Structures are given as C-alpha cells and as structure tokens.
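1. Here is my input; please provide its structure:
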Amino acid sequence: QVQLVESGGGLVEAGGSLRLSCAASGRTFSNYAMGWFRQAPGKEREFVATISWRGGSTSYADSVKGRFTISRDNAKNTVLLQMNSLKPEDTAVYYCGQSRGMLVTDQSRNYDYWGQGTQVTVSS
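-> Sure thing, here's the model as predicted:
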C-alpha cells in the first residue's frame, strides 16, 4: 500500500519561506512522477508543481513560478517543495501526490495516491 506523508507546513509571515517534504513508501518511488497541489477554504484543489520520475523535467503553476521549486531525492523516496516569497494567497492545505506515470502532469486525475495534507498559513 502506497503511503505519502507530508511535513513542513506552518505559519509564516508574508515574504517568508517554508520547505515542504513528502516521504513516500509502498512502491518504487523512482518510477513515478510526483506533484504538489493545494486547496484553500471554499476552493477546489489546484495544481502547484510537478516533477518527472528522474527529476529532469518540472512544471509549475503560473501563480508560483519563480517562487517555488520542486525537487526529489530518489535515494530517500522524498519530494520537496521549497516555497519562497510567500504571499497570503498561498495559504492552503498542501497535498503531495504520486502520479500513475513517469512524466510531469498538472491534472489531479492522473495521480493515484495522495497524502493527508499539511497546512500552510501566510500572514499579511
């Protein structure tokens, strides 16, 4: 059974930084693309960033491009999301997802498994 466990969320002031981590277990991590999505209160879950199976390709939502960086360590079965220059509108629950394929994808329907989420709150 695949398990994804996020950590690293918290409360930060606008302009600050956080690093989210997602630890995966249950199937060969390096065979699958990974992604981060977020959901704010009253809104649908939205794409944030995705990384291919070996990390050679990444893609970002326009709203976070230039501020967030996704990376992965296949030896540690971990995917990271470095978030800089945070804004109040980044406040949301952030979810790690594991795709059913190797390539980057911004479509949530292409993800087989999800973590429980970690809260990120950015104060103004």
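2. so what's the residue nearest to the spatial centre of the chain closest to, chain neighbours aside?
-> What sits nearest the mean C-alpha location of the chain, by CA atoms, centre = their mean, is W36, with 2.3 Å. Nearest in space to W36, with sequence neighbours left out and distances taken as CB to CB, 6 or more residues apart in numbering, is V48 at 4.3 Å. C-beta here means a position set from N, CA and C on the backbone, and glycine is covered the same way.
3. List the residues that contact that neighbour.
-> For V48, the contact set (CB atoms under 8 Å, 6 or more residues apart in numbering) comprises 35-38, 60-61, 64, 68, 81, 94.
4. Kindly recompute the last result at 10 Å.
-> Residues near V48 by CB atoms under 10 Å, 6 or more residues apart in numbering: 20, 35-38, 59-61, 63-64, 68, 70, 81, 83, 90, 92, 94-95, 106.
5. picking that back up, is it true that the residue nearest to the centre of the chain touches Y95?
-> Yes - between W36 and Y95 there is a contact under CB atoms under 10 Å: 7.0 Å.
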